[in-house]
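Peer 1: Mind looking at a prediction? Sequence and model below.
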Amino acid sequence: DTGVSQDPRHKITKRGQNVTFRCDPISEHNRLYWYRQTLGQGPEFLTYFQNEAQLEKSRLLSDRFSAERPKGSFSTLEIQRTEQGDSAMYLCASSLGGLQGDLLGGYTFGSGTRLTVV
Amino acid sequence: AQKVTQAQTEISVVEKEDVTLDCVYETRDTTYYLFWYKQPPSGELVFLIRRNSFDEQNEISGRYSWNFQKSTSSFNFTITASQVVDSAVYFCALSVGTDKLIFGTGTRLQVFP
């Protein structure tokens, strides 16, 4: 396993279009997280899954955003009717267990999908 | 409310200098975790360390060391004898009660040869 994979690496879309990103976590990791990072800022939490269950969603995740992890493996993040304010790096991470539990360290992050809405 | 402040936006040093990155956190909870991540130009966040609120022992890992002081709500990170490969953005983060991380705005470190 080579780590957390995200696809695509870059996406340019016109305002109003829908986009979907994919994240493949480390295979034995049961938790998967989505974060958004805008230029010059730290990542902001969007949502996370334990297996296929979505356990927490940020208020940042408006009704235009939806995330799924149907079989508890890969996850998709869809943004409908994109706006220029959605331009950001979307980061996925995975972990075995939770940060508060028996995990010795932090998550493993992917390289992100950079979205540009024009 | 929980918050992480990294007041230093950018730091420039010459190779072999020591450098300290500051992190101040806010939380009213007594149980929490603190983290440092490195984000090189490639963009991938690399985990460096996690500390829980009950363990105030300072930690050293090679050229890296961390100073956790609950009295000042600080979790500072020192790189000794910096190298060009240390150039990156460094983020401090806090986790309280859930698995989500609250990140600071990061400190960009540039190490010049």
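Peer 2: Arrived safely. Residues are numbered from 1 along each chain as shown, chains lettered A, B, ... in the order given.

Peer 1: ok, now which ones touch residue B:92?
Peer 2: Applying C-beta atoms under 8 Å, 6 or more residues apart in numbering or on different chains to residue B:92 gives the contacts B:4, B:6, B:21, B:23, B:25, B:34-36, B:75, B:77, B:103-104. (C-beta placed from N, C-alpha, C; glycine too.)

Peer 1: which bits of chain B sit near chain A?
Peer 2: B:4, B:33, B:35, B:37, B:42-47, B:50, B:91, B:93, B:95, B:97-106 (C-beta under 8 Å from any C-beta of the partner chain).

Peer 1: same thing but 6 Å
Peer 2: Residues of chain B lying near chain A by C-beta under 6 Å from any C-beta of the partner chain: B:33, B:35, B:43-45, B:47, B:50, B:91, B:95, B:99-100, B:103-106.

Peer 1: Out of the residues you listed, who's the most crowded?
Peer 2: Comparing these by number of neighbours (other C-beta atoms under 10 Å in any protein chain shown), residue B:45 comes first, having 29 neighbours.

Peer 1: What values do phi and psi take at the residue nearest to that residue when sequence neighbours are not counted?
Peer 2: Leaving out its chain neighbours, the residue that sits closest to residue B:45 by C-beta to C-beta, 6 or more residues apart in numbering or on different chains is residue A:109, at 4.0 Å. Phi and psi for residue A:109, reported as degrees, to the nearest 10, are phi -90, psi 150.

Peer 1: my guess is residue A:109 meets residue A:93, correct?
Peer 2: Yes: here residue A:109 reaches residue A:93: they are 4.5 Å apart, a contact under C-beta atoms under 6 Å.

Peer 1: and the two? which has more neighbours close in?
Peer 2: residue A:93 (27 against 23).

Peer 1: The host helix or strand of the more buried one close to chain B?
Peer 2: Using DSSP states H and E, the element containing residue A:93 is strand A:88-95. No: using C-beta under 6 Å from any C-beta, strand A:88-95 never reaches chain B; the gap is at least 6.7 Å.

Peer 1: Next, the contact list for the closest residue to chain A within chain B, please.
Peer 2: Here chain B gets closest to chain A at one residue, residue B:103, 3.0 Å apart by C-beta to the nearest C-beta. Residue B:103 is in contact with A:42-43, B:91, B:93, counting by C-beta atoms under 6 Å, 6 or more residues apart in numbering or on different chains.
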